[in-house]
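>>> Give the three-dimensional model of this entry:
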Amino acid sequence: MSILNRWFEEVWNQGREATIDELLDPNVQGHGLIDPQGNEVTGIESFKVFWRVLRTALPDIHIDVLETVTEGNLSVARYVVTGKHTGEGIGKSPTGNPIVFTGMSMARVKDGKFIEVWNNIDFTTMYQQMK
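All right, here's what the predicted structure looks like:
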């Protein structure tokens, strides 16, 4: 199992917060992820805030990894995110709507931990489905 497969399975699908500490460098840069204050995610605690907010909005979130590619210290994953908008998490009242959107992430890994991750996630589609 690749590090990205483990990440999506344990952190997102199983909701295992301990894996965040195991796989993220303390100073990780999370490009393309914004915390509730509008700042780019930087560091483990900043990511945990982002993670908790999204998991609150979509408590049954599930990420299906479609493909992964690893070359040297870079790993890339293409995935589909599904869930039901039943929580308040992102400042929108729950709609109960099913949510489906896609994403791609490329991670730079050092000593078994993510040190920088570039995310291209279709949050626009997610928000549109929460209307």
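>>> Only C-alpha atoms from now on, for both contacts and neighbour counts.
Fine.
>>> Let me know the secondary structure of residue 109.
strand (DSSP: H, G, I helix; E, B strand; the rest coil).
>>> hey, what's it bridged with?
residue 114 (DSSP bridges).
>>> Tell me how many other residues crowd it.
19 (other C-alpha atoms under 10 Å).
>>> Just the pLDDT for it.
Looking at residue 109, its pLDDT reads 98.
>>> for residue 5, same thing?
pLDDT recorded at residue 5 is 97.
>>> Could you report the pLDDT at the residue nearest to residue 41 when sequence neighbours are not counted?
In this structure, residue 41 finds its nearest non-sequential neighbour in residue 30, 5.1 Å apart by C-alpha to C-alpha, 6 or more residues apart in numbering. Residue 30 is assigned a predicted lDDT (pLDDT) of 94.
>>> Residue 30 - how many residues pack around it?
Neighbour count of residue 30, defined by other C-alpha under 10 Å: 22.
>>> Determine the longest helix present in the protein.
Longest helix of the chain, by residue count under DSSP state H: helix 44-57.
>>> What helices and strands are in contact with that one?
helix 17-23, strand 24-34 (3 or more C-alpha pairs under 8 Å, 6 or more residues apart in numbering; DSSP states H and E).
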